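Chemist: can't give you the sequence, but here's the structure:
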C-alpha cells in the first residue's frame, strides 16, 4: 500500500478515534448526571423520612401516615428505576470505552505500519546512495589506474 493511501487510512482511523472518544465522553457525562439524580433522590427520600419522623413524634393520623408511607414507596420505586437506568448507562459507558480503546489500537497499528514503511524507504534510499557512492569511487579508482598505465 502506498504511503499516501496509508496516510488516508490513518486520517480515517484518527477521525473514528475522535468520534469514539466523543461518544465515550458524552456517555460518561450522562452517567454522571444520572448518578447525581440518583443521589438527589436518595437525599430527598432521607430528608422526607426525617421530616415524617419528626411529625410522627408530634402525633399523626392514620391517613396522614398512610400518605407518607405511600409517598416513600413512590420514592423507593423511583430510586429503583434510577438505579436500573444508571446500571444500563454504566454498561453502555464500558462498551463505548472498549470501542474507543480498540479504535486507538487500530490507529496505532496504522501509525506503526507507516513508520515501518518510512524506515524501509529510508534504508532502501541509503543503500542506493551507498551503491552510487561506491560505483563513483570505483570509477574514480579505475580511471586513476588507467591514467597511470
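Modeler: Here it is on my side, so go on. For clarity, every value in this text was computed on a predicted model and none was experimentally measured.

Chemist: you'd agree residue 37 is up against residue 82?
Modeler: Yes. The pair residue 37 / residue 82 is scored as a contact, 6.1 Å apart, by Cβ atoms under 8 Å. For glycine as for every other residue, the C-beta is placed from the backbone atoms N, C-alpha and C.

Chemist: ok, how many other residues are close to residue 17?
Modeler: By other Cβ atoms under 10 Å, 20 other residues sit near residue 17.

Chemist: for it, give me its contacts.
Modeler: Contacts for residue 17 (Cβ atoms under 8 Å, 6 or more residues apart in numbering) come out as 100, 103-104, 106-107.

Chemist: closest one of the residues you listed to residue 4?
Modeler: residue 107 (17.4 Å; Cβ to Cβ).

Chemist: put the buried members of the contacts of residue 17 into a PyMOL selection.
Modeler: Buried members of the contacts of residue 17, defined by 16 or more other Cβ atoms under 10 Å, are picked up in PyMOL with:
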select buried, resi 100+103+106+107
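
Chemist: CSV for the contacts of residue 17, including distance to residue 49 and pLDDT?
Modeler: Below are these laid out as CSV (distance: Cβ to Cβ, whole Å; pLDDT from 0 to 100):
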residue, distance to residue 49, pLDDT
100, 41, 98
103, 47, 98
104, 47, 98
106, 52, 97
107, 52, 97
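
Chemist: among the contacts of residue 17, which one sits closest to residue 11?
Modeler: Ranked by distance to residue 11 (Cβ to Cβ), the contacts of residue 17 are led by residue 107 at 9.9 Å.
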